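Q: Sequence first, predicted coordinates after that:
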Amino acid sequence: GAESQKPPPGKWWTPPFDPRFPNQNQTRNCYQNFLDYHRCQKTMKRRGKSAQPCEYYFRVYHSLCPISWVQRWNDQIKEGTFAGKI
Amino acid sequence: MAHPAQLGFQDAASPIMEELMYFHDHTLMIVFLISSLVLYIISLMLTTELTHTSTMDAQEVETVWTILPAVILILIALPSLRILYMMDEITTPTLTLKTMGHQWYWSYEYTDYENLCFDSYMTPPLELDPGELRLLEVDNRVVLPTEMSIRMLISSEDVLHSWTVPSLGVKTDAIPGRLNQATLMTSRPGIYYGQCSEICGANHSFMPIVLELVPLKHFEEWLLSTLE
């Protein structure tokens, strides 16, 4: 039945509901988490701290953002043409 | 899937679609009742020798045929709004699946864990096996677990498309540069078909969607075997 179908807790993870983005258009949810991951990495590195907490943002954008978008943004970051503020 | 000369909806495979079917039946019944009443009255009007040329007013019937339609509209609006809000209920999904529309195929990305991506092209009619459905089958089906709330994120890599599965009551536009969210919740296992629902060029009619809904264990096995 439905009970036996429940996934074992901790095994199945996907980004939870984010009240900042409650509607159908989730574009900003993906983009914001991508930005937040890179900003977190940059700040933690600057302070000499572990970037472990930044992993949450990575998991969220990795789940939500289309791979082609992420590739394009990463290329832009490498080239220095990424439009977002990191 | 749809059957030849089908008039009604496909069998519902999700709770929302069931609700939509009940609402449709309810509203269509009202429509049939009103239409038959009007048709009957017209036939009465056209088949009488009686005349009445001195009508000044008709306050009573005017009141009835103002109040009654308002009541009928309320009887339609209340279930409609109930379903509208039901569709917007916030659930915590257990899985996220992305789909990107292309000219002329869909690609799917399961990236909660590893990166599982594949394209899904329509099987050309000449390559169909006996018993397979023309213009509906694909080379790689979208395998998903039943009875779990799945977050669908739909976008496009080129022009507008629309990702549709009628038996689940899902239709969401695929818009380049935009990530549209839909929720999938299937009550029972099975194979569910849909077709691109936004004109996108020469092969718009030839980029179908096929979902293969299986129990969770089978989904896990499929995930592991496909990742290799």
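A: In hand now; what should we look at? Residues are numbered from 1 along each chain as shown, chains lettered A, B, ... in the order given.
Q: what's the model's confidence in stretch A:52-60, averaged?
A: Computed over stretch A:52-60, the mean pLDDT rounds to 96.
Q: Keeping just the C-alphas, turn it into PDB.
A: The C-alpha trace of stretch A:52-60 is given here as PDB (Å, rounded to 0.1, in the frame of the first residue of the first chain):
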ATOM      1  CA  GLN A  52      30.900  22.900   3.600                       C
ATOM      2  CA  PRO A  53      27.700  24.900   4.400                       C
ATOM      3  CA  CYS A  54      27.700  26.100   0.800                       C
ATOM      4  CA  GLU A  55      26.800  22.500  -0.300                       C
ATOM      5  CA  TYR A  56      23.100  23.200   0.400                       C
ATOM      6  CA  TYR A  57      23.000  25.800  -2.300                       C
ATOM      7  CA  PHE A  58      24.800  23.500  -4.700                       C
ATOM      8  CA  ARG A  59      22.300  20.700  -4.100                       C
ATOM      9  CA  VAL A  60      19.400  23.000  -4.700                       C
END
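Q: Distance from that stretch to the middle of the chain?
A: Put simply, stretch A:52-60 sits 6 Å off its chain's centre (Cα atoms, centre = their mean, to the nearest Å).
Q: Can you tell me what sits against it?
A: Residues from elsewhere that reach stretch A:52-60, judged by Cβ atoms under 8 Å, 6 or more residues apart in numbering or on different chains: A:W13, A:P15, A:N29, A:N33, A:F34, A:D36, A:Y37, A:C40, A:Q41, A:M44. Using the backbone N, CA and C atoms, a C-beta is placed for each residue, glycine as well.
Q: Out of these, name the ones that lie in helices.
A: Using DSSP state H, the members of these that fall within helices are A:N29, A:N33, A:F34, A:D36, A:Y37, A:C40, A:Q41, A:M44.
Q: my guess is the third one meets A:W73, correct?
A: So the one you mean is A:F34. Yes: here A:F34 lies in contact with A:W73, judged by Cβ atoms under 8 Å, at a distance of 6.4 Å.
Q: What number of residues are in the vicinity of B:G8?
A: Using other Cβ atoms under 10 Å in any protein chain shown, B:G8 has 11 neighbouring residues.
Q: That one: helix or strand, and which one exactly?
A: Using DSSP states H and E, B:G8 sits in no helix or strand.
Q: any idea how far A:Q24 is from it?
A: Noted for B:G8: a distance of 28 Å to A:Q24, by Cβ to Cβ, to the nearest Å.
Q: list the contacts for B:P79?
A: With Cβ under 8 Å, 6+ apart, B:P79 has these contacts: B:Y22, B:F23, B:H26.
Q: okay, the residues you listed in a markdown table with secondary structure, pLDDT and distance to chain A next?
A: Shown next, in a markdown table, are the contacts of B:P79 (DSSP: H, G, I helix; E, B strand; the rest coil; pLDDT from 0 to 100; distance: Cβ to the nearest Cβ, whole Å):
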| residue | secondary structure | pLDDT | distance to chain A |
| --- | --- | --- | --- |
| B:Y22 | helix | 98 | 22 |
| B:F23 | helix | 98 | 21 |
| B:H26 | helix | 98 | 26 |
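Q: closest to B:D129 among the residues you listed?
A: For these, the closest approach to B:D129 (Cβ to Cβ) belongs to B:Y22, at 37.0 Å.
Q: how much space between the most centrally placed residue in chain A and B:I154?
A: In chain A, the centroid-proximal residue (Cα atoms, centre = their mean) is A:Y61; its distance is 2.4 Å. As judged by Cβ to Cβ, A:Y61 and B:I154 stand 17 Å apart.
Q: if we can go back for a sec, angles on the backbone of the residue nearest to the centre of chain A, please.
A: Here is the backbone geometry of A:Y61 (degrees, to the nearest 10): phi -70, psi -30.
Q: From chain B, how far out is it?
A: 10 Å (Cβ to the nearest Cβ, to the nearest Å).
Q: Spit out the contact partners of that residue.
A: Residues near A:Y61 by Cβ under 8 Å, 6+ apart: A:C30, A:N33, A:F34, A:Y37, A:V70.
Q: Recalculate using a threshold of 10 Å.
A: Contact analysis of A:Y61 by Cβ atoms under 10 Å, 6 or more residues apart in numbering or on different chains lists A:15, A:29-38, A:69-70, A:73, B:111.
Q: do B:P125 as well
A: Residues in contact with B:P125 (Cβ under 10 Å, 6+ apart) are B:E132, B:R134, B:L135, B:E137, B:F206.
Q: Which of those fall within helices?
A: With helices defined by DSSP H, no entry of the contacts of B:P125 lies inside them.
Q: and of those, the nearest to chain A?
A: Distance to chain A, by Cβ to the nearest Cβ, is smallest for B:F206 among the contacts of B:P125, at 22.6 Å.
Q: Burial check on B:V71, number of neighbours?
A: Neighbour count for B:V71, taken as other Cβ under 10 Å: 9.
Q: And the pLDDT for A:S4?
A: 46.
Q: and the helix or strand hosting B:W222, what does it pack onto?
A: Using DSSP H and E, B:W222 maps to helix B:216-227. Counting contacts by 3 or more Cβ pairs under 10 Å, 6 or more residues apart in numbering or on different chains; DSSP states H and E, helix B:216-227 packs against helix A:2-5, strand B:105-110, strand B:116-120, strand B:142-145, strand B:208-214.
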